[in-house]
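In: how would this look folded up:
(2 chains)
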2 protein chains.
Amino acid sequence: MPLDLTFDDAARDQLLSDGTAGPLVRRSILPGGVRLLTETDRSVRSATVGLWLPVGSRDETPAHAGSTHALEHLLFKGTDRRSALDIATAFDEVGGESNAVTAKEHTLYHGRVRSADLPLALDVLTDMVTSSTLAPSALETEREVILEELAMAQDDPTDSGYEEFLAQVLGPDTPMGRPVGGTVESVSALTDADVRAHFSEHYRSGNLVVTAVGDLDHDAVAAQLTDRLAAGGWSLDESALPFARRPALERTVPTEGTTRGSASAVPTHRLVRPLEQTHIYLGGPSIGATSEDRHAMNVLMAILGGGMSSRLFQHIREERGLVYTVYSFSAAYRDAGLFGLYAACRPSRAEQVVEMMGAELEAMRDGGVTDDEMRRALGQITGALALGLEDTASRMGRLGSLELVQGRYSTVDEAVARMASVSAEDVRDLADRLAGSFTTRVDVGPEPG
Amino acid sequence: MPLDLTFDDAARDQLLSDGTAGPLVRRSILPGGVRLLTETDRSVRSATVGLWLPVGSRDETPAHAGSTHALEHLLFKGTDRRSALDIATAFDEVGGESNAVTAKEHTLYHGRVRSADLPLALDVLTDMVTSSTLAPSALETEREVILEELAMAQDDPTDSGYEEFLAQVLGPDTPMGRPVGGTVESVSALTDADVRAHFSEHYRSGNLVVTAVGDLDHDAVAAQLTDRLAAGGWSLDESALPFARRPALERTVPTEGTTRGSASAVPTHRLVRPLEQTHIYLGGPSIGATSEDRHAMNVLMAILGGGMSSRLFQHIREERGLVYTVYSFSAAYRDAGLFGLYAACRPSRAEQVVEMMGAELEAMRDGGVTDDEMRRALGQITGALALGLEDTASRMGRLGSLELVQGRYSTVDEAVARMASVSAEDVRDLADRLAGSFTTRVDVGPEPG
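Out: Below you'll find the predicted structure:
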């Protein structure tokens, strides 16, 4: 039976899964257009809740680069009701975990607690999101913490290499290509007014998505959420309804002006560091998050470089001993995406490893994949989905991603069915496109001898 | 009711928890002295299994340093029945996860799969542990992979800094202080005979501990385990019983010859790297894994540097903005242990951060801890235990650690009760001892300006 689980923003309440063949999943549009999605799982004694704002570094102007991330930090520095210590203590004293993530297209505040403490977690997180004091003195202290965070990322060859890779593939001067946290220069120049402007523009009920998974009651979460947002002073007018889903932006990746080619033909961007190993990122632009080819991409990535039995791992590590780490990856945004190959090896081996990585994708283009590889990839993806979704935090993240990016719910069974519909020919076609789509190589390591 | 759950090596079967007030936990001595501990949890659809050998880098002679870790790598390279690709494929094609860990006092091979695949996981892991081909050509290839792994660790300032810290605190030329993976020199010199000798001496039924947690049946696991070990050619003679628990070795930490003092008094070992940040490890020797003071240590660590509400985090990051990361830690072995403080900051701030870290421990010695801090620490540890033990992998690890190190089972409730019995005075007494026990500071970063 085909499922039609497209989110209905005109419906107050939508039952996305009735709990008979999986978890109970519900979606509600609350006053003010707040969207709440929950998955009730009575077999656990914990719950994870996340508050999502669909705003990230791609929404920044260059002059305010890093303001999204700085705001995320400032929300932990105190509210009208709570000091920074109160916020930290609230989660610590119940043994919970809380954190936040700033990304290119969203900001997420999340907490994982024993289920009895879920009201507490929701109270603290809504307080942070609605009622942060955003004190100027807090920005001055936190600016230094953020500069330490940027220094840490700069020192990490995989962090700085991947950031440079993203910049080169997506365009270094585009909203998508700029680093999420900003730069030392932009963070140093951020003003109180920048951060407040960011907060005023984006932090409001019509933008808020809340996802929660675990031992919880949907209606109780909905009631508390509405109560706490009202207490925080947010407008919950009915005029905010219906919520207008954010359209995909026009393409921000400057693919027209970029030369795409084979792996061996791309120029190398080099971050020179006196390291024992050279870290190599090799790839180019690819499909976005809603492309129908994303299922073929998952299968291709599993076969090429997704596990210990993958071609990259077997040929480059197991048979030749050239690397400790090698894998392939893809990333997808609303209207942009990329694919890549990563390896780290001693510098004298770098050219050989690059050649072998490129050759593996070309071999897949020329020779396709075997039925046995297709069968194994499907088993791998299916099993990993089942194991990966055992914890409530992963499922909270999946619900948010479905709401923010896909615009529709899919059960795990449906996800597996889509993967199973991918053919070996689909994978080969995609390999054909990728093998000629390399634009970028980033090496982090010593100057080549 | 006081519990007495000391492991009984004369008992074929021991019921450690009957499943009425928690999970069903059983321990059996199988033929050949193999010890099996399982925890049955029917609320999940997965299982994690681990095969433990109580042998680690501390059991190596300097000439063979790294042989434990090399053997662990070689076990993935093929058996009489399976190629390296077969082993990798077995877990990948069911979407499972498998890996291995070499530590100072044990080696662990583990896998996490959907419960229907548990027999497969057990079959592969027992095959690896009993029937590895240990082909000389495999050592030659894998030696290069291990050298890449050592290069990677060398490049990571926290890996290399912590390794140097352990060496200095535990004694750089002692079995405990030497690095787990060996050195470039010792790994380059390892022979086939070294690795085979290690295997012959340690990999046998009387040493093997198997722990498994999840949706499983103890008797079925026991039967399959015995069958597979016999098929792998291991002797399962009754003469191997009863198992003689390995005694704690005499103390290997040369504490007598080391000057202990306050944080500000210890000399700095420096690993010079051109980084943006300096990584600082500061600490000294402390209690071992079976010390009665370990509960007070847990409480002290929570208050001092265990979370966002801890003194180190609040005072050094939140109030002063001097760091992004700061925490305290302890590590405990059978007959040795250590405590430490870690921070990373831009080099100009290093001395100030070191001074503040040392001062926090001295403040705890001089002023003790508050009732509020004690209450929060207990809540933090209790909640974190509950949340941390939701996944089967953590519980598999806990069972193994109880068997290999503690020699007795304890329920989570019992662990909480012991923590609750710690008094503020206990914590202050421990702070008093630690504040004067600093022996080592390791800085990884640029030469001080």
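In: Can you point out the buried residues in whichever strand or helix holds A:Ile87?
Out: Assigned by DSSP states H and E, A:Ile87 belongs to helix A:84-92. Buried residues in helix A:84-92, counted by 16 or more other Cβ atoms under 10 Å in any protein chain shown: A:Ala84, A:Leu85, A:Ile87, A:Ala88, A:Thr89, A:Ala90, A:Phe91, A:Asp92. Glycine gets a C-beta too; all of them are placed from N, C-alpha and C.
In: my read: the last one touches B:Ser309, true?
Out: Yes: the pair formed by A:Asp92 and B:Ser309 meets the contact definition of Cβ atoms under 8 Å, at 4.1 Å.
In: Give me the common contacts of these two.
Out: Shared contacts of A:Asp92 and B:Ser309, defined by Cβ atoms under 8 Å, 6 or more residues apart in numbering or on different chains, are found at B:Arg376.
In: Give me the nearest residue to the closest residue to chain B within the stretch 51-200 of chain A, chain neighbours excluded.
Out: In the stretch 51-200 of chain A, the residue found nearest to chain B is A:Gly95; the distance is 1.6 Å by Cβ to the nearest Cβ. Ranked by Cβ to Cβ, 6 or more residues apart in numbering or on different chains and with sequence neighbours excluded, the top spatial neighbour of A:Gly95 is B:Gly383, at 1.6 Å.
In: picking that back up, contacts for the helix holding A:Ile87, please.
Out: A:76-79, A:82, A:97-98, A:111, A:113, A:120-121, A:124, A:128, A:138, B:306-310, B:313-314, B:318, B:376, B:379-380.
In: how about the CA coordinates for whichever helix or strand comes after it, as CSV?
Out: For helix A:84-92, the following helix or strand on the C-terminal side (DSSP H and E) is strand A:97-102. Extracted in CSV, the C-alpha atoms of strand A:97-102 (Å, rounded to 0.1, in the frame of the first residue of the first chain):
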residue,chain,number,x,y,z
GLU,A,97,22.7,15.8,28.5
SER,A,98,22.1,19.1,26.6
ASN,A,99,23.9,20.7,23.8
ALA,A,100,23.3,22.7,20.6
VAL,A,101,24.4,22.6,17.0
THR,A,102,24.7,25.3,14.5
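In: can you tell me if strand A:97-102 touches chain B.
Out: Yes: counting by Cβ under 8 Å from any Cβ of the partner chain, chain B is contacted by strand A:97-102 at A:Glu97, A:Ser98.
In: same for the next helix or strand after that strand, what does it pack against?
Out: Note on strand A:97-102: by DSSP H and E, the next helix or strand toward the C-terminus is strand A:107-114. With contacts defined as 3 or more Cβ pairs under 8 Å, 6 or more residues apart in numbering or on different chains; DSSP states H and E, the secondary structure elements packing on strand A:107-114 are strand A:46-53, helix A:67-74, strand A:97-102, helix A:118-131, helix A:392-401, helix B:371-388.
In: Walk me through which strands strand A:107-114 pairs with, and which way each runs.
Out: strand A:46-53 (antiparallel), strand A:97-102 (antiparallel) (DSSP bridges).
In: In contact with A:Met152, which residues are there?
Out: A:Asp159, B:Glu276, B:Gln277, B:Tyr324, B:Thr325, B:Ala344.
In: For the third one, grab phi and psi.
Out: Backbone geometry at B:Gln277, expressed as degrees, to the nearest 10, gives phi -110, psi 160.
In: since we're on it, how many residues are nearby?
Out: B:Gln277 has 25 neighbours, counted by other Cβ atoms under 10 Å in any protein chain shown.
In: The nearest residue to A:Thr6 once chain neighbours are set aside: neighbour count?
Out: Nearest non-adjacent residue to A:Thr6, counting by Cβ to Cβ, 6+ apart: A:Arg408, 4.3 Å away. The number of residues packed near A:Arg408 is 15, by other Cβ under 10 Å.
In: Pull the contacting residues for A:Arg408.
Out: A:Leu5, A:Thr6, A:Phe7, A:Leu402.
In: Need the pLDDT of it.
Out: Looking at A:Arg408, its pLDDT reads 90.
In: re the thing from before, close enough to count as contact, the residue nearest to A:Gly95 and A:Val113?
Out: Yes: contact status for B:Gly383 versus A:Val113: in contact at 7.3 Å, counting by Cβ under 8 Å.
In: Overlap of the contact sets of the two?
Out: Joint contacts of B:Gly383 and A:Val113 (Cβ under 8 Å, 6+ apart) are A:Val94, A:Gly95, A:Gly96.
In: Pretty sure the first one sits against B:Leu378.
Out: No: A:Val94 is beyond contact range of B:Leu378, at 10.8 Å (criterion: Cβ under 8 Å).
In: Compare those two (neighbour count), which wins?
Out: Each of A:Val94 and B:Leu378 has its neighbours counted (other Cβ under 10 Å); A:Val94 has more, 22 against 19.
In: what residues are up against that one?
Out: By Cβ under 8 Å, 6+ apart, the neighbours of A:Val94 are A:Val113, A:Arg114, A:Asp117, A:Leu120, B:Gly379, B:Gln380, B:Gly383.
In: How about A:Met419?
Out: A:His295, A:Asn298, A:Val299, A:Leu378, A:Ile381, A:Thr382.
In: Check A:Gly22 too.
Out: Neighbours of A:Gly22 in contact, by Cβ under 8 Å, 6+ apart: A:Thr411, A:Val412, A:Asp413.
In: which one of those residues is nearest B:Gly261?
Out: In terms of Cβ to Cβ, no member of the contacts of A:Gly22 lies closer to B:Gly261 than A:Val412, at 57.7 Å.
In: so what's the closest one up against?
Out: A:Gly22, A:Leu385, A:Ala386, A:Leu389.
In: any idea how far chain B is from A:Val25?
Out: Distance of A:Val25 to chain B, given as Cβ to the nearest Cβ, to the nearest Å: 18 Å.
In: So which elements touch the helix or strand where that residue lies?
Out: Taking DSSP H and E as the criterion, A:Val25 maps to strand A:24-30. If you count contacts as 3+ Cβ pairs under 8 Å, 6+ apart, strand A:24-30 packs onto strand A:13-18, strand A:34-40, helix A:218-231.
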